[in-house]
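Colleague: Sequence and predicted structure, then a few things I'm wondering about:
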Amino acid sequence: MGHDISGYNQAGEEIAYARFSMGNYNAFILYSLLDANKFNAGVSGSGESSNFTVQQMEEAWNNYNQQYNKEDSLTETDIFYWDKNQISEFLLNCLETAKKEGSVGVYFG
């Protein structure tokens, strides 16, 4: 079990992916940033999808930057180091797609 969260463009192509083990609390950060806690089924995603607008993705990105994208002393051995990077990449890819297409689909598996 785990959280496999994927972003899709309008053509159905995967443009973003984030993977968290079922015990990794950092998955909750991504759900929270997307205001998508209803898709969190605890040990995995709910298996549902949702579309996010440019405004929603910009808000998620801005909240990420305010809360988590700060200079810190994380090293590659810290668990949040890797997850911080995958959350950032996920949000940026989804935001870029939403700007191009008007929205982005996200699957919470």
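Modeller: Now that the structure is in, tell me what you want to look at.
Colleague: With just CA atoms, put stretch 94-109 into PDB.
Modeller: What follows is the C-alpha trace of stretch 94-109 in PDB, where atoms were taken according to Å, rounded to 0.1, in the frame of the first residue of the first chain:
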ATOM      1  CA  CYS A  94       0.900  20.300 -12.700                       C
ATOM      2  CA  LEU A  95       1.000  24.100 -12.600                       C
ATOM      3  CA  GLU A  96       2.700  24.300 -15.900                       C
ATOM      4  CA  THR A  97       0.200  22.000 -17.500                       C
ATOM      5  CA  ALA A  98      -2.700  23.900 -15.900                       C
ATOM      6  CA  LYS A  99      -1.400  27.100 -17.400                       C
ATOM      7  CA  LYS A 100      -1.200  25.600 -20.800                       C
ATOM      8  CA  GLU A 101      -4.500  23.800 -20.800                       C
ATOM      9  CA  GLY A 102      -6.600  25.600 -18.200                       C
ATOM     10  CA  SER A 103      -6.700  22.700 -15.700                       C
ATOM     11  CA  VAL A 104      -4.800  19.600 -14.800                       C
ATOM     12  CA  GLY A 105      -6.200  16.200 -13.700                       C
ATOM     13  CA  VAL A 106      -4.800  14.500 -10.500                       C
ATOM     14  CA  TYR A 107      -5.400  10.800  -9.600                       C
ATOM     15  CA  PHE A 108      -5.000   9.800  -6.000                       C
ATOM     16  CA  GLY A 109      -4.100   6.100  -5.900                       C
END
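Colleague: in this structure, which spans are strands?
Modeller: For the chain, the strands defined by DSSP state E cover 2-8, 14-21, 48-53, 103-108.
Colleague: Go through the lowest-mean-pLDDT helix or strand in the chain and flag the buried ones.
Modeller: Scoring the helices and strands of the chain by mean pLDDT, DSSP states H and E places helix 79-101 at the bottom, with a mean of 92. Residues of helix 79-101 classed as buried: 83-84, 86-88, 90-91, 93-98 (neighbour count, 16 or more other CB atoms under 10 Å). Where C-beta positions appear, they are placed from N, C-alpha and C, glycine not excepted.
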